[in-house]
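1. Quick check, what structure comes out for this input:
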Amino acid sequence: MARRNTAGDQKKARRENGVVLFEDEASFQLDPTLHRTWARRGAQPRVPTRGERKTAHLFGAIAIDDARFNYAFADVFNGKTFLAFLKLLVHRYAGRKIFLIIDNGPCHNLNAEGKAWLVENAHLIALHRLPPYSPELNGIEGVWKATRRAATHNRFFANPSERDAALRLTFRAFQREPGLLDGHVRRFR
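-> The predicted structure is shown next:
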């Protein structure tokens, strides 16, 4: 779905008391993400690491109209966990039809059970794919960047629980103050 279709989906969503959401997945390693920082000349900053991958997998969705953010941790990215996230979104937006804009990630390929669920719930949710290789058209990409900046850049986590707690804290801040994310979706309105 190209950017020009987003406006049409928004009009349709308004007519049907629906909501347009951008969806994407992100992974966060236990190792810190190193980023630019201040340091005295000649004193290179050091961030300790455990050298372990231990990845946190997350699904996320952000609403175009009010920057409302939803997320869910997953063990892996596949059709089964994607379907579970779709069901979570339908539950959270009860009474409103969801127009979900997705990329072409392999986890978005649902199995027969998932496809049957989508057909059964077509009055509650509709999936719209972005063109291949077009992350600039997905409003949630900036959310992952903001998450890394707020939660994981230049930080040491002793274990996955600490990292996940930092992610949850950041996501709760996004949910309490949607204005923190509004700039990522404003251009799609």
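2. what sits against Arg68?
-> Counting by CB atoms under 8 Å, 6 or more residues apart in numbering, Arg68 makes contact with Ile62, Gln175, Pro178. To be clear about C-beta, it is placed using only N, CA and C from the backbone, and glycine gets the same treatment.
3. Most neighbours of all those residues, which one?
-> Ile62 (29 neighbours; other CB atoms under 10 Å).
4. Can you tell me how far it is from Val185?
-> Ile62 sits 6 Å away from Val185, taking CB to CB, to the nearest Å as the criterion.
5. Tell me which of the contacts of Arg68 fall in helices.
-> Gln175 (DSSP state H).
6. between the contacts of Arg68, which is closest to Pro135?
-> Closest approach to Pro135 among the contacts of Arg68 (CB to CB): Ile62, at 14.0 Å.
7. wait, doesn't the closest one sit right on Val20?
-> No: counting by CB atoms under 8 Å, Ile62 does not reach Val20; the two are 9.9 Å apart.
8. quick one: low-confidence ranges for this protein?
-> 1-10, 32-39, 44-53 (pLDDT under 70).
9. Next, name the residue at the spatial heart of it.
-> Here the mean C-alpha position of the chain is nearest to the C-alpha of Gly60 (CA atoms, centre = their mean), at a distance of 2.6 Å.
10. Double-check that that residue belongs to a strand.
-> Yes: per DSSP: H, G, I helix; E, B strand; the rest coil, Gly60 lies within a strand segment.
11. My guess is it contacts Ala26. True?
-> Yes: at 6.7 Å, Gly60 and Ala26 qualify as touching, with contact defined as CB under 8 Å.
12. which residues are in contact with both of these two?
-> Once CB under 8 Å, 6+ apart is applied, the residues that Gly60 and Ala26 both contact turn out to be Trp144.
13. Now the nearest residue to Asp164 once chain neighbours are set aside: phi and psi?
-> Spatial nearest neighbour of Asp164, chain neighbours left out: Ala56 (5.8 Å); criterion: CB to CB, 6 or more residues apart in numbering. For Ala56, the backbone dihedrals (degrees, to the nearest 10) come out as phi -100, psi 130.
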